[in-house]
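Enquirer: Model the following, please.
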Amino acid sequence: QVQLVESGGGLVQIGGSLRLSCAASGRTFRRNAMAWFRQAPGKEREFVAAIDWGGGHTSYADSVKGRFTISRDNVKNTVYLEMNSLKPEDTAVYYCAADGDGLVAWGTSASYDYWGQGTQVTVSS
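Expert: The predicted structure follows:
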């Protein structure tokens, strides 16, 4: 059974930092793209960042460029999201996603085959 388990969310002040982790089990994703999406209350799920299988190529939503960094450790089968200079508009449930078949449009949630349960990030003053 494939599982993606996120951790690292929490409450942080404006301008603070958090590091999210997503540990995969049940299969390896070292040959697959992985990504982070987020969903705020009353809003659609939106793309945050994605990374290719080797970690050499990344993509970010304009709203997080320069503040967030996605990375991965294929030995640990884990993907990370380092979030800095957090803003109230970053408040959301953050979801980890993994491609399962090698066919993925990075920014499109429907392209991903596996999802975590989400971790809440709340940015407050």
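Enquirer: And the strands in the chain, which stretches?
Expert: 3-7, 10-13, 18-25, 34-39, 46-51, 58-60, 68-73, 78-83, 92-98, 114-115, 119-124 (DSSP state E).
Enquirer: Name the residues that touch the last one?
Expert: The reference is to strand 119-124. The set of residues external to strand 119-124 that reach it, using CB atoms under 8 Å, 6 or more residues apart in numbering, is 6-14, 16, 18, 20, 38, 83, 86-94. Quick note: C-beta positions are derived from backbone N, CA and C, even for glycine.
Enquirer: again, but for the third one
Expert: Here strand 18-25 makes contact (CB under 8 Å, 6+ apart) with 2-10, 12, 34, 36, 76-83, 86, 94, 96, 98, 114, 116, 119, 121.
Enquirer: and what of the fifth one?
Expert: For strand 46-51, contacts defined as CB under 8 Å, 6+ apart pick out 33-39, 57-61, 64, 68-72, 79, 81, 94, 106-109.
Enquirer: Go again with 6 Å.
Expert: 33-38, 58-61, 64, 68, 70, 72, 106-107 (CB atoms under 6 Å, 6 or more residues apart in numbering).
Enquirer: mind showing which ranges of the protein have poor pLDDT?
Expert: Scanning the chain for pLDDT under 70 picks out no residues.
Enquirer: mind checking how far stretch 75-83 is from the chain centre?
Expert: Offset of stretch 75-83 from its chain centre (CA atoms, centre = their mean, to the nearest Å): 9 Å.
Enquirer: re the thing from before, with the contacts of strand 46-51 in mind, which one is nearest to Arg27?
Expert: Comparing the contacts of strand 46-51 against Arg27 with CB to CB places Met34 closest, at 12.4 Å.
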